[in-house]
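Q: pasting a predicted model and its sequence here:
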Amino acid sequence: MNNKQTFCTIITSNYFFYAKAIYDSLAEIIVDFNFNVLVVDEDIDLIEYKTIKIIRLNEIKTVLKSDYSMIQKYESDLESNLRWALKPVFLKYLLTIRGYDKVFFLDPDLYFYSDPSFLLDILDHRDVILTPHWRSKDPFLDASNFNCLFTEGLYNAGFFGCNKNAINVLDWWLSVCSYKMEKEEGFYVDQIYLNLMPIYFSSQVQVIEHRGCNISNWNRVECERTNIDNEVLINNSFPIVFIHYTNATIKLIANGIDGLLEPQLNMYKQTLEKHNPEFQFAHENAIIKKDKTIISKIFYKLFK
């Protein structure tokens, strides 16, 4: 990878250890790469980590003032709506102000396991790349995820690639995000708008066919996990490129329902714990809380 290409994510400062984990996963695969992190809360000092470039929200407000003003109304919700609506602005910043030719946005809960460089090659021919959710197309096999195709979008906004020719697409995405960031009446914050990109920007958008990208709880039916010669493949042929570790994904793996991904989950957790020794997954915290409640009740009965 050269200096004209970068990965990026957007976080609140308490999620910086997640950004470090993504960085470490990429560093195991790629010799040289750029990683930019936009931090949306201004008051927390962060200790720099390796070659991660930390960018503060105030810089975006200053250099892309007009663009930012379109979504400034979401500032009361830093962790969700503002952070999501900032994606097209941050990508535009990296392409126009920082001078990158190709940029990949990553949700902070992604983790890489094999080389994503082929995705960069796609951006030599198309300006935008999207990853389908690959939710079940059969409602009788997985009704919940089939239904989500109509409510949460066909493509996942946790991974988005674009090049410097995609400014028109980013400007449109920003405009519709400024219009509405809701989860009702057919809208689903920034993500549902991706449904329209392959239609209205058909000559610029490429939908990724590689089933090893964005593995998560929602695509267990269409992206079957198989063990071939001690390697986990998707649909018997695709190596895992990156996993999207939603809470539901983690819980399914930990409970053995998606058990073939347990080694990958263990690797992910070890990396997170390296940067945050007290870290626990949400379901582990729930178990600990439940155990403490039970113990408290026992003590209350014994000593009341």
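A: Nice, thanks for sending it over.
Q: use CA for all of it now, contacts and neighbours both
A: OK.
Q: I figured Ile253 hits Gly259, correct?
A: Yes - using Cα atoms under 8 Å, Ile253 makes contact with Gly259 at a distance of 5.0 Å.
Q: between the two, tell me which one has more neighbours.
A: Ile253 (21 against 14; other Cα atoms under 10 Å).
Q: residues contacting the one helix or strand the more buried one maps to, please?
A: Taking DSSP states H and E as the definition, Ile253 sits inside helix 247-254. Helix 247-254 has contacts (Cα atoms under 8 Å, 6 or more residues apart in numbering) with Ser216, Asn217, Asp258, Gly259, Leu260, Leu261, Glu262, Leu265, Phe281, Ala282, His283.
Q: and the two most separated of these?
A: The most widely separated members of the contacts of helix 247-254, counting by Cα to Cα, are Leu260 and Ala282 (20.3 Å).
Q: for these two, indicate the residue with more neighbours.
A: The neighbour count for Leu260 versus Ala282, taken as other Cα under 10 Å, is higher for Leu260 (16 against 13).
Q: on the three-state scheme, the more buried one is what?
A: With DSSP: H, G, I helix; E, B strand; the rest coil as the basis, the three-state label of Leu260 is helix.
Q: now do the contacts for it.
A: With Cα under 8 Å, 6+ apart, Leu260 has these contacts: Arg225, Thr226, Asn227, Val232, Ile253.
Q: using TSV, lay out those residues together with distance to Asn81 and secondary structure.
A: Converted to TSV, these look like this (distance: Cα to Cα, whole Å; DSSP: H, G, I helix; E, B strand; the rest coil):
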residue	distance to Asn81	secondary structure
Arg225	33	strand
Thr226	37	strand
Asn227	39	strand
Val232	35	strand
Ile253	29	helix
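Q: for the chain, give me the ranges with low pLDDT.
A: Scanning the chain for pLDDT under 70 picks out 1, 285-304.
Q: nearest residue to the middle of it?
A: Geometric centre of the chain, nearest residue: Asp107, 2.2 Å, by Cα atoms, centre = their mean.
Q: show me the strands in the protein, by range?
A: 5-11, 35-39, 53-56, 102-106, 110-112, 128-132, 155-163, 205-207, 213-215, 225-228, 231-234, 238-239, 242-244 (DSSP state E).
Q: what's the neighbour count on the closest residue to Ile10 other than its chain neighbours?
A: Sequence neighbours aside, Leu38 is the residue nearest to Ile10 in space, at 4.7 Å (criterion: Cα to Cα, 6 or more residues apart in numbering). Using other Cα under 10 Å, Leu38 has 23 neighbouring residues.
Q: likewise Pro108?
A: 23.
Q: quick one: it and Tyr15, what's the gap?
A: Plainly put, Pro108 is 8 Å away from Tyr15 if you go by Cα to Cα, to the nearest Å.
Q: same check, this time on Gln270
A: Where Tyr15 is concerned, Gln270 sits at a distance of 16 Å (Cα to Cα).
Q: same question for Leu94.
A: Distance of Leu94 to Tyr15, computed by Cα to Cα: 21 Å.
Q: more neighbours: which of the two?
A: Neighbours per residue (other Cα under 10 Å) separate Leu94 from Tyr15, with Leu94 holding more: 20 against 13.
Q: if I look at that one, how far off is Asn36?
A: With distances taken as Cα to Cα, Leu94 is found 9 Å from Asn36.
Q: give me the number of residues near the nearest residue to Gly99 once chain neighbours are set aside?
A: If the residues on either side of it in the chain are set aside, Gly99 comes closest to Lys4, at 7.1 Å by Cα to Cα, 6+ apart. Lys4 has 14 neighbours, counted by other Cα under 10 Å.
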